[in-house]
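1. Can you look at this prediction? I've put the sequence above it.
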Amino acid sequence: MKIKNMRQFLVDEFSKFKIEVVELIQYVSKFKTLTMNIQTYLSINILVLLGIEANIFMCSVLFDKTYHQEYYNMLFYVGHTLYVLFVFITNYMRLNYYKKDSFNWLNVVTMILLLMVLIFGNSITISSSNFRFASTTDYILGNEVLWSVDTPELFFPFLFGTLLLFTFGIDKLWSNHNVIETNGIIFDNKVIDVWWGNRNDLTDGQIKTLKLYYSRQDNYPFWVDIYKSVFIDSLWFYGRSTVRQWHMFNVFLAFIMYNFVVTYTIESSILRYALYIYLTYTVITMICRRLIDTNSSVFWFLCLFVPLVNIYVMYLLYNKTSAIYDQESNSIFYYPL
C-alpha cells in the first residue's frame, strides 16, 4: 500500500514539475512586459550572482586549478558574461517599473563597458603618464605605476556600482514619494512573493487565513523550535519546512560539516561513514520538505545538478516563502511563516 502511495505521489509530483517548467518558461519569454521594484531587483541579482559563483566553483573542482588555469579562466569569463546579460535584462525591467524604457540606451552603454572591463586584457594599469590595458609591471616607460589591478578585481566594483545605480539611483530620480511602494516580488505589476519583511498587499481573506493558521500552531520556545526543526523534522520526508527552519538547518549543517567532516575530528571510519549517511539523508529530506512548503515539485531536487538551472532551485530553497491556501478566493498566496 505504501509503495502504491509513493508511486502515485511521484507521478503527481512529476506532472506538477512539467507544469511549473512551462510556467517558468512563459515568465521568461515575456520579460519585456515585466517590472521590478527595488526589493525584487536587488534580491534577485544578489541571488543569481551567488548562484553563478557556486556554479563556477562546482565546475572548477573537477580539475586542478593550479595546472589548468585556462579552464578556470574560461569558466569565470563565461559565467560572468552570462551574469552581465542577466543584469541587462533586469535593468530593463527596472526601467519598465518607472515607465522609462526610452532610457534603455543607458543600460546598453553600461553593459558594454562592463563587458569591456571583463574581457579585454589581463589587467588595467594606470601609470603617471598613461592609461592602458596591459599586464602588471612595476614601471611602464620609466614611469612608476600608480595603480594596477587584475581585470576581475576591477570588474566587481563596476558591477556593484551598476547595481546600486539601477537600485537606488533611478529610484531617487523617478520615484513618487507620495506613493507607498508595495513590498514583495513584483512581476507584471502583481506581487507573487516577498523576500524580506511582510507583504503589505494582503486581502482581508488572506489576513483571516493567516490568523487562523497561527491560532492552530503550537507555540514552542525558540530553542525547542530549533531542536524540532533541526533534529526531528529532518528525519521525516512528509511535511513542510519554512524558509526560517531551512536556514536554521543550514547553520546546524555548516557546524557539523566544519567540526566533524572538514577537520576530521571523528577518527573512526565507521562513525564517519554513519555521519555521511545521516547528513545525506537529512539534506535530501529537508530539501524535499522545503520544496513541498513552497508548493513546488520535489523533482526540482534533480535540477540542483544542472548548471544555471540550479540557481532557480536555490531561489526555491533559500528565498521562496510558504504557500498558503486561501479558501475565500480559492487561491494560493505566499507569506514568510
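-> Cool, the structure landed. Computed from a predicted structure; not experimentally measured.

2. Show me where the stretch 151-300 of the chain has its strands.
-> For the stretch 151-300 of the chain, the strands defined by DSSP state E, counting those that start in this stretch occupy 185-187, 190-193.

3. Just say helix, strand or coil for Thr35.
-> Here Thr35 is coil, with the state taken from DSSP: H, G, I helix; E, B strand; the rest coil.

4. what do you get for the one 4 residues further on?
-> Of the three states, Gln39 takes helix according to three-state DSSP.

5. Same question for Ile324.
-> Strictly by three-state DSSP, Ile324 counts as strand.

6. count of residues packed around it?
-> 17 (other Cβ atoms under 10 Å). For glycine as for every other residue, the C-beta is placed from the backbone atoms N, C-alpha and C.

7. what's the answer for Met314, then?
-> Neighbours of Met314 (other Cβ under 10 Å): 16.

8. That one touches Leu47, doesn't it?
-> Yes: Met314 is within contact range of Leu47, at 6.7 Å (criterion: Cβ atoms under 8 Å).

9. Return the backbone torsion pair for Tyr334.
-> Backbone torsions of Tyr334, given as degrees, to the nearest 10, read phi -120, psi 140.

10. can you offset everything so residue one is 35?
-> Yes, from this point I'll number from 35; that puts the last item at Tyr368.

11. Which strand residues bridge it?
-> Under the criterion DSSP bridges, Tyr368 forms beta bridges with Ala357.

12. I figured it hits Ala357, correct?
-> Yes: at 5.9 Å, Tyr368 counts as touching Ala357 under the criterion of Cβ under 8 Å.

13. Pull up the overlap in contacts between the two.
-> Residues touching both Tyr368 and Ala357 comprise Thr328, with contact defined as Cβ atoms under 8 Å, 6 or more residues apart in numbering.

14. Could you find the closest non-adjacent residue to the residue nearest the centre of the chain?
-> Nearest to the geometric centre of the chain sits Leu81, at 2.9 Å (Cα atoms, centre = their mean). In this structure, Leu81 finds its nearest non-sequential neighbour in Tyr349, 5.8 Å apart by Cβ to Cβ, 6 or more residues apart in numbering.
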